[in-house]
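K.L.:
Kindly return the folded structure for what I paste below:
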Amino acid sequence: MVDQTTITAALNSIKTATEITNVLRESDLSIEEAELKLKLSDLVHALADAKLGMIRIEETLAGQEKRIAELEEALESKDTLVRHHDAYYRLDKKGKPSGVPFCLRCWENEYRKRQLVADISGIYNVCATCSHRYDLQRTTMT
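P.N.:
Numbering: from 1, shown residues only. This is a model prediction of the structure:
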């Protein structure tokens with residue numbers, strides 16, 4: 001989540017850049033070249049800080065939008081998934097659990113549907129996301 005400090009820093013950088021621009025615009029020709037170069041350097045630095053702050057905010061907002069979309073999908077799926085033993089399944093047309101098993105831990109903690117896959121030993125089903133292992137017999141429809 002975007003914290004207040006990041007937003008404040010970005011806004012302060014924009015404010016500083018604006019103030020420097022106003023000073024440069026209002027200054028007369030008597031400003032010395034060294035002072036002008038210093039002010040321009042300060043302006044570039046303030047604009048770079050503002051840009052970095054805005055990029056951080058944009059990335060955070062994009063992440064939040066993605067999470068909102070995931071939660072909306074989970075909300076829509078809530079009535080179509082049912083727990084059976086140690087996994088969640090989609091309901092078939094008869095209202096019975098069927099199909100591939102989904103990770104119990106991922107669904108109950110984060111509302112993310114993550115398919116379980118059999119490990120090489122043939123004893124467990126494993127979630128590829130959280131690596132939680134389940135007894136194959138408790139996560140297979142028979």
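
K.L.:
Spit out the contact partners of residue 113.
P.N.:
Counting by CB atoms under 8 Å, 6 or more residues apart in numbering, residue 113 touches 74, 77, 81, 88, 102, 106-107. To be clear about C-beta, it is placed using only N, CA and C from the backbone, and glycine gets the same treatment.

K.L.:
and if we set it to 6 Å?
P.N.:
Contacts for residue 113 were tallied using CB atoms under 6 Å, 6 or more residues apart in numbering; they are residue 102.

K.L.:
Could you do the one 5 residues further on as well?
P.N.:
For residue 118, the contacting residues are residue 125, taking CB under 6 Å, 6+ apart as the criterion.

K.L.:
For it, give me the pLDDT.
P.N.:
On pLDDT, residue 118 comes in at 90.

K.L.:
ok, what's across the strand from it?
P.N.:
Per DSSP bridges, the residues bridged to residue 118 are residue 125.

K.L.:
measure residue 9 to residue 102 for me?
P.N.:
The gap separating residue 9 from residue 102 is 41 Å, by CB to CB, to the nearest Å.

K.L.:
Compare those two and say which one has the larger neighbour count.
P.N.:
In this view residue 9 and residue 102 are compared by other CB atoms under 10 Å, and residue 102 has more residues nearby, 21 against 16.
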